[in-house]
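Asker: coords please:
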Amino acid sequence: MFKKILIASDGSEGAFKALVAALRLAHSHKAQLHMICVEETQWIPGSREEVIGDKELADRKFAEVVAKAEVEAKHHRVKLTSHIVVGHPVPAIVDFIAREGFDLLVTGFMGHSALYNRVIGSTTDRLVELAPCTVLVVK
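Answerer: Next up is the predicted model:
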């Protein structure tokens with residue numbers, strides 16, 4: 001049924017649960033599995049040094065996320081291709097899905113208070129709304 005699956009990871013516990021679910025689906029469907037991590041950019045960057053420092057910090061964070069995901073993928077006998085992109089999470093992920101032709105996005109659920117969700121919304125909610133493919137939210 002699914003041929004090309006994308007897991008969106010921010011390195012959280014919820015994202016790891018989503019990764020495990022995506023690995024199981026990819027294995028059972030014999031699907032390609034890709035993981036995307038988005039190095040979030042500031043809306044208005046401060047100085048050049050601040051931007052470079054933020055990028056270096058994000059690179060280290062996501063290197064650990066990718067390494068952990070690769071170990072888990074080997075355990076499930078699934079080939080995982082990782083992508084680290086720069087941007088704002090929702091548009092970066094939605095554009096990546098459309099450009100690369102994924103038919104399933106797997107993402108973790110991050111619980112916030114009802115007030116937070118009402119006022120700010122959540123990345124997961126926006127991905128469910130905007131992704132041009134089926135979305136599986138893992139709790």
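
Asker: how deep is G87 tucked in, by neighbour count?
Answerer: 14 (other CB atoms under 10 Å). Yep, even glycine has a C-beta here, placed from its N, CA and C like the rest.

Asker: same question, Q32
Answerer: 18.

Asker: surely it touches T81?
Answerer: Yes. Counting by CB atoms under 8 Å, T81 is a contact partner of Q32 at 7.4 Å.

Asker: all helices of the protein, in order?
Answerer: Remark: helices assigned in the chain by DSSP state H are 13-29, 48-75, 89-100, 114-119, 123-130.

Asker: weakest of those helices in terms of mean pLDDT?
Answerer: Mean pLDDT is lowest for helix 114-119 out of these, coming in at a mean of 51.

Asker: pretty sure C133 is touching V106, no?
Answerer: No. With contact defined as CB under 8 Å, C133 does not reach V106; the gap is 10.5 Å.

Asker: those two - which one has more neighbours?
Answerer: V106 (28 against 16).

Asker: for the more buried one, list the residues it contacts.
Answerer: V106 makes contacts with 5-8, 18-19, 21-22, 25, 135-136, 138, as judged by CB atoms under 8 Å, 6 or more residues apart in numbering.

Asker: tell me how far it lies from L136.
Answerer: 5 Å (CB to CB, to the nearest Å).

Asker: now the common contact residues for those two.
Answerer: Common neighbours of V106 and L136 (CB under 8 Å, 6+ apart) are 18, 21-22, 25.

Asker: pick out whichever of these sits closest to V94.
Answerer: Nearest to V94 among the shared contacts of V106 and L136, counting by CB to CB, is A18 at 16.8 Å.

Asker: report the buried residues of stretch 96-114.
Answerer: 96-97, 102-109 (16 or more other CB atoms under 10 Å).

Asker: how about these in TSV, adding distance to A63?
Answerer: Output for the buried residues of stretch 96-114, formatted as TSV (distance: CB to CB, whole Å):
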residue	distance to A63
F96	19
I97	23
F102	23
D103	28
L104	26
L105	23
V106	21
T107	21
G108	19
F109	25
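
Asker: nearest to H76, of those?
Answerer: Using CB to CB, the buried residues of stretch 96-114 come closest to H76 at V106, 13.5 Å.
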